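> My questions concern the predicted model and sequence given below.
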Amino acid sequence: MPAPRDIALRVNGSVRTLRVEPDTPLLYVLRNDLELNGPKYGCGLGECGACTVLVDGVAARACVVPVGGIGAREVTTLEGLGDLARPDPVQQAFIDCQGAQCGYCLNGMIMTVRALLDRNPSPSEDDIRRELRGNLCRCGTHLEILASARRAVELEAARRAAGRATATSQTAEALPG
């Protein structure tokens with residue numbers, strides 16, 4: 001086992017330096033050292049999706065990613081997407097559509113949908129189903145989860161349109177008149 005060393009992690013916009021063994025799973029560091037409870041321990045094999053986080057915007061299974069392999073990449077957990085006052089569109093969609101029952105798979109579902117929308121803002125139903133195929137839900141809220149993902153596409157489109165309108169307005173105000 002490698003000796004513990006200082007590792008700087010960029011998590012949810014903040015840099016934290018921790019003394020850990022480089023082969024420690026990222027999930028353990030997030031939950032135990034940084035007290036971030038969004039990612040869940042499920043299978044420990046990267047198969048269920050409960051531990052999904054974003055690493056530079058790409059969905060990754062934190063239970064099988066060694067913390068020493070993260071380097072300078074940005075890690076985003078569920079806590080880094082939004083908060084109660086301003087939830088991320090995906091979080092809001094899951095609230096709107098009641099896309100959770102027990103909530104255990106919720107982290108993985110939300111983070112996977114967020115990664116999909118970052119890569120493809122207008123996914124088809126097939127794209128959504130294919131993306132979520134690797135995330136397990138044990139309590140059977142599959143229909144609500146799919147409805148939540150479709151709602152997230154709508155909310156994301158609205159957010160992007162609002163952002164474009166704001167940018168256009170600011171550009172027009174800056175032009176000499």
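Everything's here; your move. Residues are numbered from 1 along each chain as shown.

> If we ignore the residues flanking it in sequence, what's nearest Gly82?
The shortest distance from Gly82 to any non-neighbouring residue, by C-beta to C-beta, 6 or more residues apart in numbering, is to Asp88 (3.9 Å). Any C-beta I mention is one placed from the backbone N, CA and C, and that applies to glycine too.

> Find the centremost residue of the protein, please.
Ranked by distance to the mean C-alpha position of the chain (C-alpha atoms, centre = their mean), the top residue is Met111 at 2.9 Å.

> Point me to the helix or strand that includes it.
helix 106-119 (DSSP states H and E).

> same thing with Asp23?
Asp23 belongs to no helix or strand, assigned by DSSP H and E.

> May I have the residues that are in contact with it?
Residues near Asp23 by C-beta atoms under 8 Å, 6 or more residues apart in numbering: Met1, Pro2, Pro66, Val67, Gly68.

> Quick one, which of those are buried?
Val67 (16 or more other C-beta atoms under 10 Å).

> Just the closest of the contacts of Asp23 to Glu35, please.
Val67 (15.3 Å; C-beta to C-beta).

> Contact partners for that closest one?
Ile7, Leu9, Val20, Pro22, Asp23, Thr24, Pro25, Leu26, Tyr28, Val29.

> follow-up on the earlier one: isn't the residue nearest to the centre of the chain right next to Cys51, touching?
No - between Met111 and Cys51 there is no contact, the gap being 9.2 Å when judged by C-beta atoms under 8 Å.

> Next, the angle from the lowest-mean-pLDDT helix or strand in the chain to helix 106-119.
The weakest-scoring helix or strand in the chain, judged by mean pLDDT, DSSP states H and E, is helix 142-174 (a mean of 84). Inter-element angle recorded for helix 142-174 and helix 106-119: 40 degrees (by axes from the mean of the first three to the mean of the last three C-alpha atoms, to 10 degrees).
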